[in-house]
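Peer 1: Quick one: sequence plus predicted model below, questions after.
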Protein chains: 2
Amino acid sequence: MSAPLTLNIGLCGFGTVGQGVWKHLSAHRADLETRLGVRLNLARASVRNLKKKRDVKIPARALTTDPLAIARDPSIHIVCELMGGTTLAREVTLAALKRGAVVVSANKALICEHGSEIIATAQKNGGHFFFEASVAGGIPIIKALREGLVANRFPRIYGILNGTCNYIHTQMEENDAPYAAVLAEAKRLGYAEADESLDVDGWDTAHKASVLAWLAHGVWVKTDQMIVEGISRITPADFKTAATLGFGIKLLAVITRDFAKNELCVRVHPTLLPEGNVVANVSGVFNAISVTGDVVGTTFYSGRGAGQDATASAVISDIADAASLLRHGKGGHLLGEITSAPRVTCRLAPPQNIRSRYYLRLTVKDQPGVLARVASVMAKQKVSIASVIQGPADQPGAASLVLTTHESNERAIGATLKQLKALAAVLDEPVLLRIGDFER
Amino acid sequence: MSAPLTLNIGLCGFGTVGQGVWKHLSAHRADLETRLGVRLNLARASVRNLKKKRDVKIPARALTTDPLAIARDPSIHIVCELMGGTTLAREVTLAALKRGAVVVSANKALICEHGSEIIATAQKNGGHFFFEASVAGGIPIIKALREGLVANRFPRIYGILNGTCNYIHTQMEENDAPYAAVLAEAKRLGYAEADESLDVDGWDTAHKASVLAWLAHGVWVKTDQMIVEGISRITPADFKTAATLGFGIKLLAVITRDFAKNELCVRVHPTLLPEGNVVANVSGVFNAISVTGDVVGTTFYSGRGAGQDATASAVISDIADAASLLRHGKGGHLLGEITSAPRVTCRLAPPQNIRSRYYLRLTVKDQPGVLARVASVMAKQKVSIASVIQGPADQPGAASLVLTTHESNERAIGATLKQLKALAAVLDEPVLLRIGDFER
């Protein structure tokens, strides 16, 4: 028997995730090497500051400040891009793929913005691109979609893809705590970034939705082609009102495909989910995904969506897939790696036509006749009211008016909002949430 | 470019699952062929009766009554064993593997009983054995364990692996219906077999637990090495009492590994799960699995555990994996196929040492002093009582006594049961359920 192949691994980025990969790969190396039939050599890692103290000790000679040097190093078989960002990360990814290496990525923003270029570069140069860690952390959802559920087409995929928002929602709901206070606490605990916009405004979820939509439908959808709405205007009172109506509130990515019309719709927004919905019951920093396939029916997945360990678990599974591939010569390709052959293409559904029930909260002057004027506007737009709950508002002299609608569409509800805002009795920007009637 | 490789597929068994595979593979063939880069040819199928009318039409020349002829046919690359049973199915499986073919199996009983021989035969002869459909139907749990979570060791895996039992439990709980009536209804609906023992006595769940234990720990555990208890003695009153105590009841497979002691424990029994537990909230014919890895933390999976479509989805994913493998020459092996290299072995934990809290229901004479006698027996065995609920029993002159215990072990509770049965005041065989304190 010949000596086993040694695969050299380079980590571009040696922060939380990079150190997690190094730590866990070192701890499980013997078992992995036995199962994979290769030697795994943690060869190089790039850092911004060579002198910084780190929890994970690695030899000084393995460190560099230049991630591109690792990407271009012909001795490195597997390049893990764990830096984040979309400029240097793009250069690193393309440089490694251009020499036919395997790139393992956790970078959803990069994939969303430059996925098409990355995949084309991989295919042209015999490189390979793996990205299990880019969506839903430790949940092996990428592998489930591209391999485990390969027999299916996907009319609907939706879920909680951002643990920070779910943590904030859970705290607001359970502790009746205002958004700003919970966000500050999340920052203190390290669950939210100093600049929270990527998380709370829905962009991170949108990047991940783009990755899932591509996997499931072979189409790149950019964030400016989606409805993307964040969570910053939701109040503890919204959670209470929603609960009264039998709903929880979650920030969801929703990817639906109408195969009859051949239309795809990708959107990200806070959503009212019926209390019995399994996604509605996933709380804290956990992620959850409901995948409906035309053959398998609905399957459901949850787990930690971020953090050093969960992300490292996903990165290492990609390294193992890469090892399995490289062991047999990298001319091959793994099941599910999208080939250059065109798949059936679909078009994006016009956002204005998306149908939903809606939850609408207005802060109005506390005086008689307001509900009549609101109802009249809605009637004019043919948006049918399903329920009305009036309650106190935070401002003196104001009342809160929560309306839910029967099924309508984005065009009608958009026109309704515009006219409502023009009413003198409506004091604040209305809060619009969508109701998710996904199951049954 | 050369013409794509054509892979011939033979289906041994053309009942519900076999016809599902044929139907869905035919419907999705173009897309699968594009993605896999091979042609997939449904070449042969074996049936018991050539003249039987079937929903799925296939050419008469493709049919045979001899599954071994398909297994031995050198032109068939992928043999799907979908017959069930452990005699002819074993012959078919071994015959195909001996000529180096790929076998795709949904047969958990076969794997549990003969897995060691099957894997050894595959390795010796360059054959491959895939079995995604053997556990949890359409949920890609095999792939998750062996590939997606490859970075992990697994201290705990537990879940609902038998949809029939979960359907029966759900009906009993929601409709306050007795076991026998629900079972009869399940048979009428086709959810339960004419001979229900395999399902309701826990054997089917035990077979699946054996498969998962092998995947996660590399050890073959036979059903006679497990605690295996069924659901037939649970009453609607048990569901009500459990709910009063804050629990649901589910038939679970529980696979725990103590890495410090290097001990593995595999067991199957009805289990009280706290109401908030996500597995406790999966109802009807659905399966659910909680997998705790040492790196990723706890991940959770649910979906349809049986039926034509869900099982076909899993079989087709194995066919796709096989195609990916064969395209690159079957000398290779896929990530996670267990090699002949020995993994760290562990021993089975002595069942007597398994620790748990317990739920104990006694039917006792409705007279004073009985609780004192029961409590005295338990005290003698050092089983500490946590709660007592007395209520009416079905029999006249009898009362129901439900006790829960603090943590104890199988040895102590076994001795307790023996002594309780000897009491004149205890009228029926006691019902013992275990309490699952799995999370947190």
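Peer 2: Now that the structure is in, tell me what you want to look at. Numbers count the residues shown, from 1 in each chain, chains lettered A, B, ... in the order given.
Peer 1: For the stretch 201-350 of chain A, which segments count as helices?
Peer 2: A:203-217, A:236-244, A:308-327 (DSSP state H, counting those that start in this stretch).
Peer 1: Those helices: which one's closest to B:T404?
Peer 2: Closest to B:T404 of these is helix A:236-244 (C-beta to C-beta; 31.1 Å). Heads up, the C-betas are built off the backbone N, CA and C, glycines and all.
Peer 1: Now that closest one: buried residues?
Peer 2: A:236-239, A:241-242 (16 or more other C-beta atoms under 10 Å in any protein chain shown).
Peer 1: How about stretch A:136-147 and chain B, any contact?
Peer 2: Yes. Part of stretch A:136-147 sits near chain B under the criterion C-beta under 8 Å from any C-beta of the partner chain, namely A:137-140, A:143-144, A:147.
Peer 1: what's the most distant pair in the residues you listed?
Peer 2: The most distant members of the residues of stretch A:136-147 next to chain B, if one measures by C-beta to C-beta, are A:G137 and A:E147, lying 18.4 Å apart.
Peer 1: just for the stretch 201-350 of chain A, where's the confidence low?
Peer 2: A:329-344 (pLDDT under 70).
Peer 1: at 80 instead, please
Peer 2: A:328-345 (pLDDT under 80).
Peer 1: Which stretches in it count as strands?
Peer 2: A:227-228, A:247-258, A:263-274, A:286-293, A:297-304, A:347-348 (DSSP state E, counting those that start in this stretch).
Peer 1: Turn those strands into a markdown table, columns for mean neighbour count and distance to chain B.
Peer 2: Shown next, in a markdown table, are the strands of the stretch 201-350 of chain A (neighbours: other C-beta atoms under 10 Å in any protein chain shown; distance: least, C-beta to the nearest C-beta, whole Å):
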| stretch | mean neighbour count | distance to chain B |
| --- | --- | --- |
| strand A:227-228 | 17 | 27 |
| strand A:247-258 | 24 | 13 |
| strand A:263-274 | 24 | 13 |
| strand A:286-293 | 25 | 7 |
| strand A:297-304 | 23 | 3 |
| strand A:347-348 | 12 | 18 |
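Peer 1: among those, which is nearest B:K108?
Peer 2: strand A:297-304 (19.0 Å).
Peer 1: How about the secondary structure of the residue nearest to A:P430 when sequence neighbours are not counted?
Peer 2: Spatial nearest neighbour of A:P430, chain neighbours left out: A:L362 (5.2 Å); criterion: C-beta to C-beta, 6 or more residues apart in numbering or on different chains. Following DSSP: H, G, I helix; E, B strand; the rest coil, A:L362 is assigned to strand.
Peer 1: Could you give the number of residues near A:A260?
Peer 2: 6 (other C-beta atoms under 10 Å in any protein chain shown).
Peer 1: hang on, the earlier thing: closest to chain B out of the helices of the stretch 201-350 of chain A?
Peer 2: Proximity to chain B (C-beta to the nearest C-beta) singles out helix A:308-327 among these, at 3.6 Å.
Peer 1: returning to what we had before: neighbour count for A:G137 and A:E147, which is higher?
Peer 2: A:G137 (29 against 22).
Peer 1: The more buried one is in what secondary structure piece?
Peer 2: Secondary-structure assignment from DSSP states H and E places A:G137 in no helical or strand segment.
Peer 1: ditto for the one 5 residues further on
Peer 2: Counting by DSSP H and E, the secondary-structure element that holds A:I142 is helix A:141-143.
Peer 1: now for that helix, which elements pack on it?
Peer 2: helix A:203-217 (3 or more C-beta pairs under 8 Å, 6 or more residues apart in numbering or on different chains; DSSP states H and E).
Peer 1: for chain B, what are the nearby residues on the stretch 151-300 of chain A?
Peer 2: Counting by C-beta under 8 Å from any C-beta, the stretch 151-300 of chain A sits next to chain B at A:151-153, A:278, A:281-282, A:293, A:295-300.
Peer 1: Tell me how far A:N175 lies from A:I249.
Peer 2: 15 Å (C-beta to C-beta, to the nearest Å).
Peer 1: Mind picking the two most distant members of the residues of the stretch 151-300 of chain A next to chain B?
Peer 2: It's A:A151 and A:N281 that sit farthest apart of those, by C-beta to C-beta, at 28.3 Å.
Peer 1: sorry, back to before: reformat the strands of the stretch 201-350 of chain A into CSV and put distance to B:A386 next to each item.
Peer 2: Below are the strands of the stretch 201-350 of chain A laid out as CSV (distance: least, C-beta to C-beta, whole Å):
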stretch, distance to B:A386
strand A:227-228, 50
strand A:247-258, 32
strand A:263-274, 35
strand A:286-293, 30
strand A:297-304, 30
strand A:347-348, 58
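Peer 1: Other residues contacting stretch A:225-238?
Peer 2: A:165, A:168-169, A:172-173, A:176-179, A:200-203, A:205-206, A:209-210, A:249, A:251, A:266-270, A:348, A:351, A:354, A:361, A:391, A:400, A:410, A:429, A:431, A:433 (C-beta atoms under 8 Å, 6 or more residues apart in numbering or on different chains).
Peer 1: 7 Å instead?
Peer 2: Residues outside stretch A:225-238 that contact it (C-beta atoms under 7 Å, 6 or more residues apart in numbering or on different chains) are A:165, A:168-169, A:172, A:176-179, A:200-203, A:206, A:209, A:249, A:251, A:266-270, A:348, A:351, A:361, A:400, A:431.
Peer 1: Would you agree A:T86 falls within a strand?
Peer 2: No. Going by three-state DSSP, the assignment for A:T86 is coil, not a strand.
Peer 1: That one: what's it in contact with?
Peer 2: Taking C-beta under 7 Å, 6+ apart as the definition, contacts of A:T86 comprise A:109-110, A:113-114.
Peer 1: Most neighbours of all those, which one?
Peer 2: A:L110 (24 neighbours).
Peer 1: Now find how far off-centre the helix or strand containing that residue is within its chain.
Peer 2: Taking DSSP H and E as the criterion, the element that holds A:L110 is helix A:108-125. Relative to the chain's own centre, helix A:108-125 is displaced by 17 Å; criterion: C-alpha atoms, centre = their mean, to the nearest Å.
Peer 1: Surely the residue nearest to A:P430 is in contact with A:E429?
Peer 2: No. Under the criterion of C-beta atoms under 7 Å, A:L362 is not in contact with A:E429, lying 9.5 Å apart.
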